[in-house]
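>>> sequence first, predicted model second:
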Amino acid sequence: MSKNVIVIGGGIAGMESSAYLAAMGYNVTILEKEGKLGGHLLKWERLFPTKRHGKEVLEFLSQGISEHVSIIYHADIENIERKDQVFNVHLSKGTSLKADAVLIATGYETFDARKKEEYGYGIYDNVITSPDLEEIFLSGKGIRTASGKVPQRIGLVHCVGSRDEKAGNIYCSKVCCVTGVKQAIEIKEKLSQTEVYCFYMDMRMYGFHFEELYKEAQEKWGVYFIRGRLSESCENADGTIVVKVEDTLAGKPLKMTVDLLVLLVGFVPSEGTRKIGELLGLSFNSNRFIKSADEHTMSNVSSEPGIFMAGTCTSPRTIANTIMDARSAAATVASYLEGYNIEKRTIHRNLK
Amino acid sequence: MKDFGYTINKDRQINFDRTDKWIYEYLKKHEPSFKLCIGCGTCTATCSSGNFTDFNLRRLFTLIHRGYKLDMKDEITKCMLCGKCIMVCPRGVNTRNIILKINEVIENRKRKK
């Protein structure tokens, strides 16, 4: 009889790891809290650095969900018990499922920009976030100010809720810089007469082709980049927003009025990641994501046997990296189920 | 009236909404590689003139974009047009031509006045 794997979360990581586990002959059940698979991918219209549609990637992931994968939608996990090698997952509807391994793919949430009160999200009408802008792109509506005007100048603020100990997040969220460049280009595609300014500390264009996208933004689209972190924004009587930064390359404080301000929000572990991690008694890392047994060599292995992780529940990741991590997680789960002693391979610290 | 010696400092802040970006607009059109600067400072590090004067090409480019008022003629005369900055620029900005174009746009404006 083939073994059962429960995958918690039906986003990118959950879908792709399920596809590979099913291909290897395991019975896979995805527990998804929403009524649809796809997670955050449903909310992004186009993806960096290629500007291809998110839908295309979702379609690819969906093709992997064969008849060997069953899905329980609106799943609410109440408890997970373990007896010897077998897990018993109890759902709030009264159903219980048995599993030989559990794969957590509960992902991230975007940072709640209201916590950076000085930036004015939720206070000023013309301050929005990067997911809000994606929603506008997806809806097909034009980019307008709160009063319905075409914005003449738009500012994009990097590192909102990232690299910020005051916000409780010391880490870099990895995707916001390039998301900012992508969205700046998309704004220029739609509103060629609108000036677009990015306020950044560093342009972290680490991915393949990211730097080219950055150059395209400057060369082809005339997007401006000002090095300096936003200190505060305030609202004029007409609803426009004044931003204050230090222009660190000019060595002077700078203020500028924009019609619309977009906050590029970072990653925080999702509520589901916290809940499932606690339910299973897993260790968390210093950034509150689920802790890997080893950062270099056991990224998919948790602190408990039989429980594994895939995707952004362990750290911020791009979609490409999430897909790779999901396949890596599938291989790790399969090795465990075939009796391979994962824990046996250890690192001898302080080798001289 | 008694002079207590108090003065008001000049505002150091760049008020981006008010500055005049005429040099930048000219450069954007006549030497488009100007847009590609990423502010890395390689040009300034290699600058022969910058080793002996306060000439700072990276900062000059930034201030031009912001429309900050400078004695531009005085600034660019510090450049010896050696072209080492072009050789080291990672983004292929034609730095020397920018200096020549700044001179051109200043001369043009003078003539018009």
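In hand now; what should we look at?
>>> wasn't A:P316 part of a helix?
No - A:P316: not assigned to a helix; according to DSSP: H, G, I helix; E, B strand; the rest coil it is coil.
>>> skipping its backbone neighbours, what lies nearest it in space?
If the residues on either side of it in the chain are set aside, A:P316 comes closest to A:F267, at 3.9 Å by Cβ to Cβ, 6 or more residues apart in numbering or on different chains. Using the backbone N, CA and C atoms, a C-beta is placed for each residue, glycine as well.
>>> check A:M24 too.
Spatial nearest neighbour of A:M24, excluding adjacent residues (Cβ to Cβ, 6+ apart): A:A334 at 5.2 Å.
>>> ok, that neighbour touching A:G25?
No - A:A334 is beyond contact range of A:G25, at 9.0 Å (criterion: Cβ atoms under 8 Å).
>>> what does stretch B:6-24 rub up against?
Residues outside stretch B:6-24 that contact it (Cβ atoms under 8 Å, 6 or more residues apart in numbering or on different chains) are A:247, A:250, A:252-257, B:34, B:64-69, B:72, B:102, B:105-106, B:109.
>>> the residue nearest the centre of chain B is in what secondary structure piece?
Closest residue to the average C-alpha location of chain B: B:L60 at 2.9 Å, with Cα atoms, centre = their mean. Counting by DSSP states H and E, the element that carries B:L60 is helix B:57-66.
>>> put the alpha carbons of that helix into CSV.
Only the C-alpha atoms of helix B:57-66 are listed here, as CSV (Å, rounded to 0.1, in the frame of the first residue of the first chain):
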residue,chain,number,x,y,z
LEU,B,57,31.4,63.5,-10.9
ARG,B,58,29.0,61.1,-9.2
ARG,B,59,27.6,63.8,-6.9
LEU,B,60,27.5,66.3,-9.8
PHE,B,61,25.3,64.0,-11.8
THR,B,62,23.0,63.4,-8.8
LEU,B,63,22.7,67.2,-8.2
ILE,B,64,22.0,67.9,-11.9
HIS,B,65,19.1,65.4,-11.8
ARG,B,66,17.7,67.0,-8.7
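>>> among the contacts of stretch B:6-24, which ones are buried?
Neighbour-count burial (16 or more other Cβ atoms under 10 Å in any protein chain shown) applied to the contacts of stretch B:6-24 gives A:247, A:250, A:252-257, B:34, B:64-68, B:72, B:102, B:105.
>>> among those, which ones are in helices?
Among the buried ones among the contacts of stretch B:6-24, the members found in helices (DSSP state H) are B:I64, B:H65, B:R66, B:M72, B:I102, B:V105.
>>> reformat those into JSON lines and put pLDDT and distance to chain A next to each item.
Formatted as JSON lines, these follow (pLDDT from 0 to 100; distance: Cβ to the nearest Cβ, whole Å):
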{"residue": "B:I64", "pLDDT": "96", "distance to chain A": "10"}
{"residue": "B:H65", "pLDDT": "95", "distance to chain A": "7"}
{"residue": "B:R66", "pLDDT": "95", "distance to chain A": "6"}
{"residue": "B:M72", "pLDDT": "92", "distance to chain A": "15"}
{"residue": "B:I102", "pLDDT": "96", "distance to chain A": "17"}
{"residue": "B:V105", "pLDDT": "95", "distance to chain A": "19"}
